[in-house]
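Asks: Show me how the following folds:
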Amino acid sequence: MFRSDLQNTGVIKNQSPINKRPKLKWEFKTTDWIFASPVIANNKILVPVTNGQFFALDMNSEKLWEYRANGTLYSTPAVVDNMVYIGTMEGRMICIDIENGQEIWQTATEGKDGVYASPKVVDKTVYYASSDGHYYALNRESGEVFWRVDTGAKIFGTPAISGNNAFITNEDGWLFCVDLQSGKEKWKKQFSGNILGSPALTDTLLVFGGMNGSIYCLSQNSGETVWQFGTGHAVSTAPVISNGTVYIGSWDTHFYALNLETGARKWQFECDDQILGSAALVENVLYFGDKGGNVYALDARNGLEYWRFKAEFSVSCTPLVHDGVIYFGSQDRKLYALQ
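Replies: Coordinates of the predicted model:
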């Protein structure tokens, strides 16, 4: 699922880091940009493409099946019990059988606005946000809508879930805490500027970046601000949170490591271009891309560069590391596998 877990931490567990420069293993060519992150489940690589093509590949890049959505795909799929859930820019949530690519059901949102955010599955419920401004809870077996809550503005980031709470950001700068069972609002707070990125959670804290250039850390219980850190430009990425550190990239071309408790800067790394995609962490190695097509591997302890790989165009998705291979898509219309 998007960002590896319900909390959007971006930490990939049970995998070994790739800190030596890898070589190109293979590339899979599509016919449009890839913004969504690849997902691996049931020995299949799931690849959403912006033109509505949705591929399942084997581990050697051979196509197993293809599903054609009627809308653009920016959403990263979630997979539970052989069922794949993905949102479309036509305003639909679709459930697909992972074994054959056959549609099981689809549900339309309230308006014609689409789904940028990625779904999360908890027990028998699919939760997702739409740019129609609503956060939805669906029966994951039938697509029936249990409830929806209106935030009043478009939602681009993927809400994070902890316990019985969901934390939702919207374009107008609002952050909501809602009850997962009922959708009832527990608290809300507004910030200056738009919020396009996704929040990430610890047990008690919440961290997100804003288009005003600030990174915020809040209490999950009250919404009280714990600290705020200013970068030189907009922040549209989701943070990685691990070992008392927040890792996040900015449009100012810098990637930051901040102390989780205080917001103090531990280190920063300067990239060649703006950072539009969120990072992934495997043990002590960070992976992320930039607008110029670079994919970086950094030592999370000190910000030193292990290696970089150059794609032809921007890399906006979160890289995936699985069994010694790193996978990512690019606006050059390719899915890359490096080993």
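
Asks: C-alpha only now, for contacts and for neighbours.
Replies: Noted.

Asks: mind listing what W227 touches?
Replies: Y216, C217, L218, T262, G263 (CA atoms under 8 Å, 6 or more residues apart in numbering).

Asks: who wins for most neighbours among those?
Replies: C217 (25 neighbours; other CA atoms under 10 Å).

Asks: which residues are contacting the host helix or strand of that residue?
Replies: Using DSSP states H and E, C217 falls within strand 214-219. Contact with strand 214-219 is made by 204-210, 224-231, 234-235, 260, 263, as judged by CA under 8 Å, 6+ apart.

Asks: One more pass at 10 Å, please.
Replies: 191-193, 199-210, 223-235, 239, 246, 248, 250, 258, 260-263 (CA atoms under 10 Å, 6 or more residues apart in numbering).

Asks: ok, of these, which come out buried?
Replies: 193, 199-202, 205-210, 223, 226-228, 231, 233-235, 239, 246, 248, 250, 258, 260, 263 (16 or more other CA atoms under 10 Å).

Asks: among those residues, which are in helices?
Replies: Judged by DSSP state H, helices contain none of the buried ones among the contacts of strand 214-219.

Asks: Narrow these to those in strands?
Replies: Applying DSSP state E to the buried ones among the contacts of strand 214-219, the entries found in strands are 200-201, 205-209, 226-228, 246, 248, 258.

Asks: Quick check: pLDDT value at the nearest residue to L218 once chain neighbours are set aside.
Replies: Computed as CA to CA, 6 or more residues apart in numbering, the closest residue to L218 that is not its neighbour in sequence is T225, at 4.4 Å. For T225, the model assigns a pLDDT of 98.

Asks: quick one: T225 and L206 touch, right?
Replies: Yes - T225 is within contact range of L206, at 9.4 Å (criterion: CA atoms under 10 Å).

Asks: Run through the residues that contact T30.
Replies: V47, P48, V49, T50, N51, Q53, F55, G329, D332, R333, K334, L335.

Asks: Which of the three states applies to D5?
Replies: Assigned state for D5: coil (three-state reduction, DSSP: H, G, I helix; E, B strand; the rest coil).

Asks: Tell me how far the nearest residue to it once chain neighbours are set aside lies from Y74.
Replies: Nearest non-adjacent residue to D5, counting by CA to CA, 6+ apart: V11, 8.0 Å away. Distance of V11 to Y74, given as CA to CA, to the nearest Å: 21 Å.
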